[in-house]
Each structure stands twice: as C-alpha cells, then as structure tokens.
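Chemist: just a sequence and a predicted model for now, questions to come.
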Amino acid sequence: MRRFIYLIVLSVSLVFVSCKGTKSVTGIGIENALPIKEVIAFHKKASPEFNTLASRVQVVYEDGSRSQSITVSLRMEKDQTIWMKASILGITLAKALITPEKVSYYETISNTYFEGDFELLSDWLGTELDFEKTQAILLGQSIFSINKDQYKMSVVQSKYKLEPRKQPLNFIHSIFLNPENYKIVSGSLSQPNDDRLLSLRYGDYQQVEGSYYPSDILIDASQKDEKTKISVIYKSIDVNAPVSFPFSIPSGFEQIRLSK
C-alpha cells in the first residue's frame, strides 16, 4: 500500500526516462552568464500558461524487487485541481484527486480509499509536499522558493546551478536550469541524517501553444537500503480543452488510516 501511494503521489505530483536526447548547450560560460536575478525571473516566467491540461502518461515503477508499468490519464486545472486515473490494459486500478486542501484516492483491487492532507505523504517523500509543489514538478518548475538573496548561482557544464548560499544541515538541495528555456534539467535533495536522497532528471521539453512542458522525467528516491525509480513519459498533452474531474469513492470501500 505504501508503495502504491508513493507512486500515485509522485505521478500526480509530478512529472523522466533515461534523459533521452537531452540537448547539450554550448556557449554559456562564466563570462557571459546572466545575473542570478534575471535567471530566476526567466525561470518563473517559463511556467506554462494554461487553464486546463489533459495528458496520457506512461509510468514505470521499479523498487529493486519488481517493476510495473501503468497508463495514467492526467488532467489539471491550473492552481485548482489535479486528477489522475491509473489503469492497466484498460482496467482502472485507482483514481486520485488532489486539490490545495486535500488528497483523495481509491484503489479498485483492495476496495480501499484514502482522504487526508499532505503531511504523511510529505514525510515519505522526504520534503514538504503541497499542491503548489506537486503542480511545479509536473510542469518542470522549481519546488523551492528561490530568490537572489538566499540563493547563489554558478555555471556547471553549460547549465545554471542554483543552490542556497548556506545549505541547511539536513536539507541539502540544488537545481540546474537549461539556459535555452530556463526550465529544470535536474534537481536533487538529500537528508544525510535520515539517509534520504531524491533526484529528478528531465529530458527534452516539448512546446505546446508557446509554452514548454516536460516530455519525460526520471525520479530516483532512496532511503537507507530502499531504492525506488519512477519513470514518467508524457505521451500527449492537450491544453485549454474542456475537461472534467469525475471522482466519487465507490460504496462499500474501506477507509484506510495511514501511519508512519
């Protein structure tokens, strides 16, 4: 159950498969790098503009002992709703509905459902998770509130690297931005005291109606001896089309209570 919830949250909350065809960028060096204030501004401006989004996503989950591939129907209303239906061979496995207030989902195999906030799911992920951060991952934006006063910038392998001027003792993180579109190339978060590591890698971005959206994402997470890899491939993206968010917990399903 824990693993499936982890998959649901990251799938809905996110967005890489083997970084296929990631573009190499040349010509960016220390001597012609933009000031950090401009880089941050361009990154924020790169957030896609849309009202609604609908996508078909392929999610592959691996944890060392097993691998599973599922098809995910993903729908979004920006800043309001994230909806997902996971299925295999046309059979619905689960549905999830995320709003700024709560997370709801149900599974058809176990006839169980969950309704609650982000607190426990954040604990599993190893960083505070909320609707805004979930949406940011899906769109290739930073989950951190970066600003020029608390962050510093350097150029590493022709990418802009942003990291705190003073790294928290148990919350070490950084992101890399592509200087061509100012979208995230990769990011990492480590919590040494808890032996946790989370890394994200985005492949090429696709342009849809003038905005950049991820094509694929690779998420690697580890805690102590447990390792999880989640690959997410966007098969299609349609924006500003009419969408609905059908969600109702079937009668007779048992509510589950999650504990750490």
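Modeler: Sure thing, it's come through.

Chemist: hey, let's count contacts and neighbours off CA atoms from now on
Modeler: Will do.

Chemist: helix/strand/coil for Ile249?
Modeler: Per DSSP: H, G, I helix; E, B strand; the rest coil, the secondary structure class of Ile249 is coil.

Chemist: for it, which non-adjacent residue is spatially closest?
Modeler: Here the nearest residue to Ile249 in space, its sequence neighbours aside, is Tyr106; by C-alpha to C-alpha, 6 or more residues apart in numbering that works out to 6.6 Å.

Chemist: by average pLDDT, which secondary structure element in the protein comes out worst?
Modeler: Counting by mean pLDDT, DSSP states H and E, the chain has its least confident helix or strand at helix 2-12, which shows a mean of 44.

Chemist: and stretch 53-61, average pLDDT?
Modeler: Across stretch 53-61, the average pLDDT comes to 92.

Chemist: what sits up against it?
Modeler: Residues outside stretch 53-61 that contact it (C-alpha atoms under 8 Å, 6 or more residues apart in numbering) are 7, 11, 67-78, 228-241, 243.

Chemist: just to be sure, Met153 is in a helix?
Modeler: No. Met153 sits outside any helix when classified using three-state DSSP, being strand.

Chemist: ok, now which ones touch the closest residue to it other than its chain neighbours?
Modeler: Computed as C-alpha to C-alpha, 6+ apart, the closest residue to Met153 that is not its neighbour in sequence is Leu162, at 4.7 Å. If a contact means C-alpha under 8 Å, 6+ apart, then Leu162 has 151-154, 174-176 as its contacts.

Chemist: which residues in the stretch 101-250 of the chain form helices?
Modeler: Secondary structure of the stretch 101-250 of the chain, counting by DSSP state H, counting those that start in this stretch: helices at 119-125, 131-139.

Chemist: weakest of those by average pLDDT?
Modeler: Taking the mean pLDDT of the helices of the stretch 101-250 of the chain, helix 119-125 comes last: a mean of 62.

Chemist: low pLDDT regions in the stretch 101-250 of the chain?
Modeler: Residue ranges of the stretch 101-250 of the chain with pLDDT under 70: 120-128.
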